[in-house]
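Visitor: I'd like to go over a predicted model; first the sequence, then the structure.
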Amino acid sequence: MSHQLPVECINEVFEYLDDDKINLRSCLLVNRPWCKSAVRILWKDIWNFRYSVDYMPYRTHVPFAIISTLISCLPDESKDFLNKNGIFISTPTPKPPLFNYASFIKILSINRLDEMIQHILKNKQSTNSLSLDYNKHLIAQEIIKMFMNQIPSLKRLYYWNNFTNIPFNIHFTYFHGARDCLIDLSELCCSSDVYPEFFYQLSQICHNLQSLTIEFRDSISNGLADFISVQKNLKDLNLLSFGTKDWTDIIPPLRKLSNTLIKLNVHGGENDVPMLFITTYSNLQELTLIGQISFEELQYVILPKLKILKIPAERPKDEILIKFLENNGKNLRELNIDGIDNSLRESIVQICPNLKKIY
């Protein structure tokens, strides 16, 4: 009499292999229940392979295998649409796919998808640069349309605007099924210059992000402030400045995050980043500051629940740091400060009685 583990147990065990792609691939060959469980995890995030298109040399078959499998999952009307536009990408088998692979995806990177499609089209010798951009847009459009319809609940979305790679904006928030797909989105990583309609539409759908990362460029989309202002449960905020644009327009919505935010990471750019917006963050527990930061504004800020402070580069003047720690060091457990000498270390230890780790 044979005994098999329940599917729920197999799924639970395989979750621990999330980062072990090699062993997960081996599990595909055991039996159908193992195969189904392993496939579900392998396809949860198909953009993080170490041999992706960012790495040279890389396994060139991987982008083709992923895109061709996704093409095989497209509905017939999408396949016909691509064929009518002269786009023919071979699929792994003429038979229907064993699984609805698109439905397993939990993480979506618009940029990785774009890079994979471009890699495939560039290898088609008959494709010129003009038709490459157009064909890339059509393929991406149909695949993302399928994602919005087939993914029950997307958890993480990456969308970095890159004009050299993404020639057309795909308004995928209007596709059928987009609301159900995106309503429980928990993490968004994007650039500040993504087209405004993306943020406006997402503001109508997604109100419960847990984590938000914004890379600030030389322009800030008109819809970004509205999107930030409707978030009700944001815990983790990462603000990365790589342009010259100031943040004046988004300071008011940033202040509205005061009740929920517990982790803040600010990476300053060419200009000093204004920091007074954090005065309302009474529940903040972890603060990381890197680069050009207006430290003078911080010395009188009160963060009663702060436990972790990281300033790994370009730390403030000693007197500013000491004043900040006098106000916020009582509950501090961990401190990472660039260039601490013995004298400053002794002062910090006296101010922060509960400090467990300093480096």
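Guide: That came through, no problem. Numbering: from 1, shown residues only.

Visitor: From now on I want contacts and neighbour counts done on CA atoms only, so please keep to that.
Guide: Fine.

Visitor: show me where the stretch 1-150 of the chain has helices.
Guide: Here the stretch 1-150 of the chain has its helices, by DSSP state H, counting those that start in this stretch, at 7-15, 21-27, 32-42, 61-73, 76-84, 110-122, 129-150.

Visitor: For those, could you give me a markdown table that also reports distance to Ser203, mean pLDDT and mean neighbour count?
Guide: Shown next, in a markdown table, are the helices of the stretch 1-150 of the chain (distance: least, C-alpha to C-alpha, whole Å; pLDDT from 0 to 100; neighbours: other C-alpha atoms under 10 Å):
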| stretch | distance to Ser203 | mean pLDDT | mean neighbour count |
| --- | --- | --- | --- |
| helix 7-15 | 32 | 70 | 14 |
| helix 21-27 | 35 | 70 | 15 |
| helix 32-42 | 29 | 77 | 19 |
| helix 61-73 | 29 | 88 | 19 |
| helix 76-84 | 28 | 94 | 14 |
| helix 110-122 | 19 | 88 | 19 |
| helix 129-150 | 17 | 89 | 19 |
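
Visitor: Rebuild the ones you listed as a markdown table, extending it with distance to Leu344.
Guide: Below are the helices of the stretch 1-150 of the chain laid out as a markdown table (distance: least, C-alpha to C-alpha, whole Å):
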| stretch | distance to Leu344 |
| --- | --- |
| helix 7-15 | 45 |
| helix 21-27 | 46 |
| helix 32-42 | 48 |
| helix 61-73 | 52 |
| helix 76-84 | 65 |
| helix 110-122 | 45 |
| helix 129-150 | 54 |
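
Visitor: how about these, which one is nearest Lys307?
Guide: helix 7-15 (30.6 Å; C-alpha to C-alpha).

Visitor: Let me see the contact set for the closest residue to Ser72 other than its chain neighbours.
Guide: Using C-alpha to C-alpha, 6 or more residues apart in numbering and skipping residues adjacent in sequence, the residue nearest Ser72 is Thr91, 5.7 Å away. Listed by C-alpha atoms under 8 Å, 6 or more residues apart in numbering, the contact set of Thr91 reads Ser68, Thr69, Ile71, Ser72.

Visitor: Leu121: which of those is nearest?
Guide: Within the contacts of Thr91, distances to Leu121 taken as C-alpha to C-alpha reach their minimum at Ser68, with 11.8 Å.

Visitor: how far away is the residue lying closest to the closest one once chain neighbours are set aside from Ile71?
Guide: Once flanking residues are discounted, Ser68 sits nearest to Thr91: 4.9 Å by C-alpha to C-alpha, 6+ apart. Separation of Thr91 from Ile71 (C-alpha to C-alpha, to the nearest Å): 7 Å.

Visitor: His207 too?
Guide: As for His207, its distance to Ile71 is 32 Å (criterion: C-alpha to C-alpha).

Visitor: go on, Thr93?
Guide: Noted for Thr93: a distance of 11 Å to Ile71, by C-alpha to C-alpha.

Visitor: Wait, Leu237 touches Ser258, no?
Guide: No. The pair Leu237 / Ser258 is not scored as a contact, 11.5 Å apart, by C-alpha atoms under 8 Å.

Visitor: Overlap in contacts, those two.
Guide: Common neighbours of Leu237 and Ser258 (C-alpha under 8 Å, 6+ apart) do not exist.

Visitor: Just the strands from the stretch 201-350 of the chain, written as ranges.
Guide: The residue ranges that make up the strands of the stretch 201-350 of the chain, judged by DSSP state E, counting those that start in this stretch, are 211-216, 236-241, 263-267, 286-290, 308-311, 334-337.

Visitor: and the fourth one, what does it pack onto?
Guide: Translated: strand 286-290. Counting contacts by 3 or more C-alpha pairs under 8 Å, 6 or more residues apart in numbering; DSSP states H and E, strand 286-290 is packed against strand 263-267, strand 308-311.

Visitor: Mean confidence (pLDDT) on the first one, please.
Guide: Summarised as a single mean, pLDDT over strand 263-267 is 94.

Visitor: Return the list of helices and strands in contact with that strand.
Guide: Counting contacts by 3+ C-alpha pairs under 8 Å, 6+ apart, strand 263-267 packs against strand 236-241, strand 286-290.

Visitor: Paired strands for that strand, with orientation please.
Guide: Applying DSSP bridges, strand 263-267 is found paired with strand 236-241 (parallel), strand 286-290 (parallel).

Visitor: The last one - what's its average pLDDT?
Guide: Looking back up the chat, that one is strand 286-290. Averaged across strand 286-290, pLDDT comes to 94.

Visitor: Which residues does stretch 233-250 contact?
Guide: Under C-alpha under 8 Å, 6+ apart, the answer for stretch 233-250 is 207-220, 224-225, 257, 260-271, 273-274.
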